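Participant: Next input, structure requested:
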Amino acid sequence: MVNPVKPVDFDALRRKINRMLAAAGWPPPLWLETTVEDPGEGQTRQAIEAGAEVVFVCGGDGTIMSCVSALVGTDVAMAILPCGTGNLLAANLGLPSDLSANIEAAMAGVRRQIDVGVIEGRFFTVMAGMGFDAQLLKSTSESTKARIGWPAYLVGGVRHLRDRPMRVSIRIDGQPPVRRRARTVLVANVGRLQGGVRLLTAAEPDDGFLDVAVLTPRTIGHWLSLGWAVLFRRTRVPRMEVFRGRRVEVTSNRAQPRELDGDVIEPGRTLRVKVQPLALWLCVPQPARGTDRPWDVLARFRFMEEVGWPGSGARAGRSDPEA
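Facilitator: Numbers count the residues shown, from 1 in each chain. Next up is the predicted model:
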C-alpha cells in the first residue's frame, strides 16, 4: 500500500521489496495505491479479501490510520514503511527509519499487538485532540511541511498561542466530570510527539488505557515553562494534568477544531473516545536479548474478562496543583 504523493522513488521501492520477498521465498506482492477519495481503507480491505497476511504501508500517519480501519480485529498484520512528515506511530514503537530494516522485520515474523482508540466509528493509533493541537495542524501548510519537515508545526502553532481557552468537562470511565479552562485536550495511545518530544511518559500502546493530557497555559510565559519542562523531561510539568482511563468524553462550551493522528477532522463540541485493546497486529523488529518487558507477554491475556483487571478507574496525576 503506497501513498503516491510521498517523496519516495516507488519504482525503486517496488524493485527492492519484490527482490527481498522473492529471496525470502514469499509470493509476489499485490501493489495498491491510495487516492484522494480513498486514502487506504478500501484498498486494504481489497488486499485482505485477496488473502493478504501482511500489508506493507508506505506513507505517513494519515495513511496508516486509514489502513488501520480495515485491519482492526483481523489477523492480518501491518508492516510500517514510514515516509511521512511525522511518522509518529513508527517513532513511538521504535521502528527504524530505514525501509529495508522494516521490510526485513516483516519477513522475520515478529508480531506485536497494540491497542487502538475509537472515536465516532473511526480508529486511531497515536492520539486524538481538541483545541490548540488541532488548530496547529490546520494552520500548517503541506508545502511548509514538505520543505522543512516537522518544525513546520511550530511555525503554524505560534500564531495561535494567544487564542482564547475553552471551557471543558472531562469525564473518564463514568466518574464525576473534571472541569477546566484548557487550551487543548489530548487523548493518547502513545506519548511521543513531533521531534521526539515525550509528552506522556507513562503511555504505552498495549496497556489497555488511554492517557489524557489537559494543557491549561494562559500566557506566553506559561507556554514557555510548559515547553521547557516537556523538552527536558522534568517530573513536574506546569499547566498540564494527566489522567488515564478506557473511556473518555470531552465536552467544550463551543465547537473546537479536532484531529486524529495528525489529520484534522470536522470541528465539534465533543470528543468521545474509547480504547479497543490489542486490536491491531504489527510487524516489529526482533527485540534484543534480555529486553522483553513482562507486559509484552501478558498483554494479550489482560482483556479476557470483560471487566478487565483491577484498577480500571480514572487515575489523575496532577503535574501542577495551581493549574
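Participant: At which residues are the helices of the stretch 1-150 of the chain located?
Facilitator: 10-23, 41-49, 61-71, 88-92, 99-108, 132-139, 142-148 (DSSP state H, counting those that start in this stretch).
Participant: Remind me what the fourth one packs against, helices and strands.
Facilitator: Packed against helix 88-92, as judged by 3 or more Cβ pairs under 8 Å, 6 or more residues apart in numbering; DSSP states H and E, are the following elements: helix 61-71, strand 77-82. For glycine as for every other residue, the C-beta is placed from the backbone atoms N, C-alpha and C.
Participant: Kindly state the domain boundaries assigned to this protein.
Facilitator: Here the domain assignment for the chain is 10-120+277-301, 123-274, based on automatic domain parsing.
Participant: picking that back up, residue 271 is nearest to which of the helices of the stretch 1-150 of the chain?
Facilitator: When the helices of the stretch 1-150 of the chain are compared by Cβ to Cβ, helix 132-139 sits nearest residue 271, at 9.8 Å.
Participant: would you turn the domains of the chain into a markdown table with mean neighbour count?
Facilitator: Listed next are these as a markdown table, based on neighbours: other Cβ atoms under 10 Å:
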| stretch | mean neighbour count |
| --- | --- |
| domain 10-120+277-301 | 17 |
| domain 123-274 | 19 |
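Participant: In CSV, list those along with mean pLDDT.
Facilitator: What follows is those, written out as CSV (pLDDT from 0 to 100):
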stretch, mean pLDDT
domain 10-120+277-301, 87
domain 123-274, 90
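Participant: For those, please prepare CSV with the additional fields distance to residue 3.
Facilitator: Rendered in CSV, the data for the domains of the chain read as follows (distance: least, Cβ to Cβ, whole Å):
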stretch, distance to residue 3
domain 10-120+277-301, 4
domain 123-274, 13
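Participant: so which of those domains comes closest to residue 4?
Facilitator: Residue 4 lies closest to domain 10-120+277-301 among the domains of the chain, at 5.1 Å (Cβ to Cβ).
Participant: Tell me which residues touch residue 61, please.
Facilitator: Applying Cβ atoms under 8 Å, 6 or more residues apart in numbering, we find residue 61 in contact with 84, 86-89, 125-126, 261-263.
Participant: can the helices and strands packed on helix 88-92 go into CSV with extra columns for distance to residue 50?
Facilitator: Conversion of the helices and strands packed on helix 88-92 to CSV gives the following (distance: least, Cβ to Cβ, whole Å):
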stretch, distance to residue 50
helix 61-71, 12
strand 77-82, 15
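Participant: For residue 226, which of these is the nearest?
Facilitator: Closest to residue 226 of these is helix 61-71 (Cβ to Cβ; 23.6 Å).
Participant: do you know which of the helices and strands packed on helix 88-92 lies nearest residue 27?
Facilitator: With respect to residue 27, and counting by Cβ to Cβ, the nearest of these is strand 77-82 at 15.2 Å.
Participant: Which neighbouring elements make contact with the closest one?
Facilitator: On the basis of 3+ Cβ pairs under 8 Å, 6+ apart, strand 77-82 makes packing contacts with strand 54-59, helix 61-71, helix 88-92, helix 99-108, strand 263-283.
Participant: what does the fourth one rub up against?
Facilitator: Applying Cβ under 8 Å, 6+ apart, the contact partners of helix 99-108 are 13, 16-17, 20-21, 24, 26, 54, 56, 58, 77, 79-83, 95-96, 283-286.
Participant: by how many degrees do that helix and helix 10-23 diverge?
Facilitator: Taking axes from the mean of the first three to the mean of the last three Cα atoms, to 10 degrees, one finds helix 99-108 and helix 10-23 inclined to each other by 30 degrees.
Participant: Report the distance from helix 99-108 to the chain centre.
Facilitator: Remark: helix 99-108 is offset 21 Å from the chain centroid, using Cα atoms, centre = their mean, to the nearest Å.
Participant: returning to that earlier point: let me have the helices of the stretch 1-150 of the chain in TSV, extended by distance to residue 116.
Facilitator: TSV is the format used below for these (distance: least, Cβ to Cβ, whole Å):
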stretch	distance to residue 116
helix 10-23	26
helix 41-49	14
helix 61-71	6
helix 88-92	10
helix 99-108	19
helix 132-139	19
helix 142-148	25
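Participant: of these, which approaches residue 250 most closely?
Facilitator: Distances from residue 250 to each of the helices of the stretch 1-150 of the chain were compared by Cβ to Cβ, and the smallest falls on helix 132-139, at 12.1 Å.
Participant: can you give me the end-to-end distance of stretch 35-45?
Facilitator: 14 Å (Cα to Cα, to the nearest Å).
Participant: contacting residues around it?
Facilitator: Counting by Cβ under 8 Å, 6+ apart, the neighbours of stretch 35-45 from elsewhere in the structure are 1, 3, 32-34, 55, 57, 59, 62-64, 66-67, 69-71.
Participant: one step back: can you say which of the helices of the stretch 1-150 of the chain is nearest to residue 243?
Facilitator: Counting by Cβ to Cβ, and looking across all of those, nearest comes helix 132-139 at 16.6 Å.
Participant: for residue 213, which residues make a bridge with it?
Facilitator: Taking DSSP bridges as the rule, residue 213 bridges to residue 186, residue 242.
Participant: quick revisit: using TSV, lay out the helices and strands packed on strand 77-82 together with distance to residue 182.
Facilitator: Shown next, in TSV, are these (distance: least, Cβ to Cβ, whole Å):
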stretch	distance to residue 182
strand 54-59	32
helix 61-71	24
helix 88-92	22
helix 99-108	37
strand 263-283	12
